[in-house]
Each structure stands twice: as C-alpha cells, then as structure tokens.
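[1] Sequence and predicted structure below; questions after.
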Amino acid sequence: MHSVINNGDGTKTTVAIQDGNLITGTTQDCDPYLDRAADLRREGATGSKDMRLAASVPFVVIEQYCNKLGITFQDFSNSEAHKISFLNSADYKHFRVWEGRV
C-alpha cells in the first residue's frame, strides 16, 4: 500500500506499508522559500538592528531538523539553543535572509 495525500497547503503526506511497517513522511517544494530568502538577502531586507529577519523556513524543514536530532517540535519551540543551532547551521544556510551569527 502506498498513498499520497495532498494537504492543500503545499505539503503532501505519504503513507506506506513496507515490510509490515507503517511509514509516513511529509514533503514540500521548498524552492519558493529558497527564492524568497535569496531575494530578501539580495535586497538587504533583513530588518533593523533591533529586529532581524534571520530566515524564511517552511515547517517541513524544521520537522526534518527535529527528526534528525530526535526531538519534538515542542522541544524545538521551547529551546533557544535549538533555534540558534538551527539558524547557524550550514545545512540550512540557504534559508537565511540575514547572514550574521545568531
């Protein structure tokens, strides 16, 4: 069994049974986010010194980060350390608008 559910928000959920195991995943075309971040970066639209626009990131990328570290979204949301680590990570630098160190 393999099903793809279009969620109507630009994401798709895949549900499959493989070797008796239920496998799920969420995918999204992140190119618009990457393009937006690049455009804002190029325009210098990074906010003010008091309120920087650090990044433009789709939820599926945050979800991927959480899965990679084995943490929940709530863990991520409640932790300044996780947010800073994510924003400063070279793995996600293409989503950055303001390129300074967080």
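    Thanks, I have the structure now. Residues are numbered from 1 along each chain as shown.

[2] Mind checking which residue lies nearest the centre of the protein?
    Nearest residue to the geometric centre of the chain (CA atoms, centre = their mean): residue 61, 2.3 Å.

[3] So that residue: helix, strand or coil?
    Assigned with DSSP: H, G, I helix; E, B strand; the rest coil, residue 61 falls in the helix class.

[4] so how far is residue 4 from it?
    Residue 61 sits 20 Å away from residue 4, taking CB to CB, to the nearest Å as the criterion. For the C-beta atoms, the positions are set from N, CA and C on the backbone; glycine is no exception.

[5] next one: residue 36
    26 Å.

[6] swap in residue 60?
    Applying CB to CB to residue 60 and residue 4 gives a distance of 15 Å.

[7] who's more crowded, the two?
    Just comparing residue 60 and residue 4: by other CB atoms under 10 Å the higher neighbour count belongs to residue 60, 18 against 11.

[8] Not counting residues beside it along the chain, what's closest to the more buried one?
    Excluding its sequence neighbours, the residue lying closest to residue 60 (CB to CB, 6 or more residues apart in numbering) is residue 28, at 4.5 Å.

[9] ok, the one you found - contacts?
    For residue 28, the contacting residues are 10-12, 58-60, by CB atoms under 8 Å, 6 or more residues apart in numbering.

[10] Return a selection command, for use in ChimeraX, containing the buried ones of those residues.
    Here is the ChimeraX command that selects the buried residues among the contacts of residue 28 (16 or more other CB atoms under 10 Å):
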select :11,12,58,60
